[in-house]
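*Asks:* Give the three-dimensional model of this entry:
(2 chains)
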Protein chains: 2
Amino acid sequence: MAGKIDRAKYGMCLGTSVVVNLLLVVYLVVGEKWKLSWSIRAAEEAEDVAAQPCSGHGRAYLDGLVVHGKPVCECNTCFAGPDCSQFSPACPADVDSGNPLFLEPYWMQHAAKGAVVVAGWHRMSYAFNDHSIISEELEKHIRKLHERVGNAVTEGRFIVFGVGSTQLLNVAVHALSNSSSPAGVVATIPFYPAYKSQTNFFRSMDYKFVGDTSMWKNTSDVNMNMIEFVTSPNNPDGQLKKAVLRGSSVKTIHDHAYYWPHFTAIPAPADEDLMLFTLSKLTGHAGSRFGWALIKDEEVYERMLKYTDQISFGVSHDTQLIALQQLKAIFQGNNGSDIFEFGFTTMRKRWEILSKALSESNRFSIQKIEPQFCTFYQQLRGPSPAYAWLKCERDEEEDCYEVLRENGIISRRGSVYGAERRYVRLSLIKTQDDFDLLMLRFNSLLSQENFYGIETIM
Amino acid sequence: MAGKIDRAKYGMCLGTSVVVNLLLVVYLVVGEKWKLSWSIRAAEEAEDVAAQPCSGHGRAYLDGLVVHGKPVCECNTCFAGPDCSQFSPACPADVDSGNPLFLEPYWMQHAAKGAVVVAGWHRMSYAFNDHSIISEELEKHIRKLHERVGNAVTEGRFIVFGVGSTQLLNVAVHALSNSSSPAGVVATIPFYPAYKSQTNFFRSMDYKFVGDTSMWKNTSDVNMNMIEFVTSPNNPDGQLKKAVLRGSSVKTIHDHAYYWPHFTAIPAPADEDLMLFTLSKLTGHAGSRFGWALIKDEEVYERMLKYTDQISFGVSHDTQLIALQQLKAIFQGNNGSDIFEFGFTTMRKRWEILSKALSESNRFSIQKIEPQFCTFYQQLRGPSPAYAWLKCERDEEEDCYEVLRENGIISRRGSVYGAERRYVRLSLIKTQDDFDLLMLRFNSLLSQENFYGIETIM
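*Replies:* Residues are numbered from 1 along each chain as shown, chains lettered A, B, ... in the order given. The predicted model follows:
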């Protein structure tokens, strides 16, 4: 009897154990991770680096320094130490550059969607199989995204890729200045400085920068072909802009780098002859150097394509692959809504905080942007610009950059944009740390104002 | 008794089963593959695409077309069908482009070493943390590789990265033409056509292409600053070259794209003022668009850096990461020998086959390259050039391109390199399929010669 019970017990245990064995073996054989082979080394390396703890104030990179076998954390501004946990209280808030790091947390939160494995033999040729230098799949996804967001008409448009939209600025100027006499290139103050610096850089016989658009309003008087840069929303002030010059001798380049729901209401799809966009301000990947142009005229398209081909044989195939994955990732997020949700929420909040802090100030003011109906959100929405265009209002504070610098804020001088020294640009698209520090410095600056204000009354 | 034996048997079985369970669990918990998380999706996707069977005459890419859920094979020239197994017998051998696909099998054979996982948040900023646009680690590896190969002095040299060495051609011309009068740019026929086309492209007031070097040998007579392009080994003819012009008003750009053991003996490390290199002809990754310049003079370096910054904010961070991994992979292969072993063996064999086939011909000849002592291999070695520079010897066959074209070979016209129409360039660095087809067409062409030769004698 005892023997039977024992056998039954043993039998049950053995049976369970064998079943567990089988399940484990099945899991190992068909389990997802089991399938991988040549990509494992690279995957482990990337995950090891990503797992490096940097206190939320930095991150380690795969091509960063390695010390004692450990990847080194690269810290946000004003943070230091092996894990970026040491804050330097005297460090100034640096809101100079347009580094779109506000989107970094989005990609960290969606790590699986954003990852790409590049094989060692990925598209080693100069051209794609159709002899083009443009990835067909990437082009398709770009068109699809514009349609989804409703920010640009792509039908009947040609597409050219560039090493950032930066490269495309000169590519476009070159393509539009196809005439016997040199074209005059203009932009409306305040304007993004690369329009001028790049146009003059090559000292070309075909084009030159000739200043602010307002000086050239009556082009009928001028015997010169004109190329007008129109930036909408504008960098630095976030306003939606239209071309100023009119006439048959005028061509326009519409820089729509910031025409995405993160930064502005989308009143209608842009429908101009030559429009520039960039991955930098869409997904935040400024370091990938990827931009594109939508072009109506075939001849202009051919000239632009020839330029990118001549000067660099187009854009890195690795970058094109990675850009494609990033666009695919966007579509996986609630059919292309969630990155804009993240971007808009972040930018809107920052703008509200800054606006509120400055609302009582007589010393500083920022641009007003009217709420507008947004076709993407199908509702009226408030401003969420990439930059604050700040003015020092006091008569004696003519050099606004210096005023801020003395108070621990590194801004970008208004003169860089062709404007008065009373203006500076504050970047709101950097890391949360950068924004928080900006507000810390600003609040302390504003409390001085209140303090002295009270003093004066007393 | 029977019960005891049963219990012992059961006990043994159960024990074994439990031990197996434990081993499996331990394997699952600490096993390599178990560690992965966010990279799995990307890794699986890449491996799925790579596993697509394309008969050895093609490959599927991660950003290629997908039909019915299956990645589409992109076939080598003259192959077609869903798995690239269909050869088109009438298809011409296309040896026009300089696509360095002879190295593709190297990377397929070393899949694990070549793979890179790019995280969605990889270096999103415009600049690296030190505000540079140049990856410090990549720069280090480039210097280390030159030292290992012994093909260039890097000590005391500055490094600038470009979108391929293609971009750096104009970057260098711009940097060296820093004077009040326009500089004259020259190269020695036969020369790589981009020197001329790129220099003239911008119609700059600072430089212009003024032809073959031989026309400018007595620069002391000329009141013009001169910039000489020196390509060594030369494209198209594979000869090691030295600068021709001398004098204080002469500056040189040494294009060393092919100065690697794949293509030439390395007699000594190159030690010139401004030297250009490219990943394309080192690892075969032409599609990555990555090149670098080694520069002696700090002012020239600063001007070159400013150009790349101004025009494109440098080179894609993704590309820089991938280039770094490729250089690391090279060092993992027998301390940086095996890629050159692979490259040299492949190129040497192709050259021997072509030379042998042409050795009896009176109709066609190719360049002679003398065996030279190679410091990398520490021995005398025969030629293994990237291109054959073919001459049609018959008086009546002036247009060599047409002669070959009529016989199913697409070459590149000698006139593209400023040479006579009697010359064409045949690319020997494409796929094995391309080379095999070239030899098939050539052998048939040469057998005509033999046939008619015999006929004439008869």
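*Asks:* switch to C-alpha atoms for all contacts and neighbour counts from now on
*Replies:* OK.
*Asks:* okay, and for chain A, where does confidence drop off?
*Replies:* A:1-11, A:13-14, A:25-34, A:219-222, A:450-458 (pLDDT under 70).
*Asks:* residue ranges for the helices of it, please.
*Replies:* A:2-30, A:40-50, A:104-109, A:111-114, A:136-149, A:164-176, A:194-201, A:298-312, A:317-332, A:338-358, A:400-406, A:432-457 (DSSP state H).
*Asks:* other SSEs contacting the shortest one?
*Replies:* For helix A:111-114, the packing partners by 3 or more C-alpha pairs under 8 Å, 6 or more residues apart in numbering or on different chains; DSSP states H and E come out as helix A:317-332, helix B:40-50.
*Asks:* tell me how far that helix is from the chain's mean position?
*Replies:* When distances are taken as C-alpha atoms, centre = their mean, to the nearest Å, helix A:111-114 is centred 18 Å away from the chain's centroid.
*Asks:* Residues contacting that helix, please?
*Replies:* Under the criterion C-alpha atoms under 8 Å, 6 or more residues apart in numbering or on different chains, residues A:107, A:325-326, A:329, A:332, B:37-42, B:119-121 lie in contact with helix A:111-114.
*Asks:* buried subset of the residues you listed?
*Replies:* Neighbour counting by 16 or more other C-alpha atoms under 10 Å in any protein chain shown classes A:107, A:325-326, A:329, B:38-42, B:119-121 among the contacts of helix A:111-114 as buried.
*Asks:* Can you name the residues of the stretch 251-400 of chain A that neighbour chain B?
*Replies:* Applying C-alpha under 8 Å from any C-alpha of the partner chain, one finds that the stretch 251-400 of chain A approaches chain B through A:284-290, A:310-313, A:315-319, A:321-322, A:324, A:326.
*Asks:* I should have written the stretch 101-250 of chain A there, sorry.
*Replies:* By C-alpha under 8 Å from any C-alpha, the residues of the stretch 101-250 of chain A that approach chain B are A:101, A:104, A:107-108, A:110-127, A:129, A:135, A:137-138, A:163-164, A:166-167, A:170, A:194, A:197-198, A:202-206.
*Asks:* are any of these buried, and which?
*Replies:* When those are checked for burial by 16+ other C-alpha under 10 Å, the buried set is A:101, A:104, A:107-108, A:110-127, A:135, A:138, A:163-164, A:166-167, A:170, A:194, A:198, A:202-204, A:206.
*Asks:* May I have the phi/psi pair for the residue in the stretch 351-458 of chain A that chain B sits nearest to?
*Replies:* At 9.2 Å from chain B, A:Lys430 is the closest residue in the stretch 351-458 of chain A, using C-alpha to the nearest C-alpha. Phi and psi for A:Lys430, reported as degrees, to the nearest 10, are phi -80, psi -160.
*Asks:* Please apply the same query to A:Ser37.
*Replies:* Dihedral angles of A:Ser37 (phi, psi; degrees, to the nearest 10) stand at phi -140, psi -80.
*Asks:* Now do it against B:Val118, distance only.
*Replies:* According to C-alpha to C-alpha, to the nearest Å, A:Ser37 and B:Val118 sit 17 Å apart.
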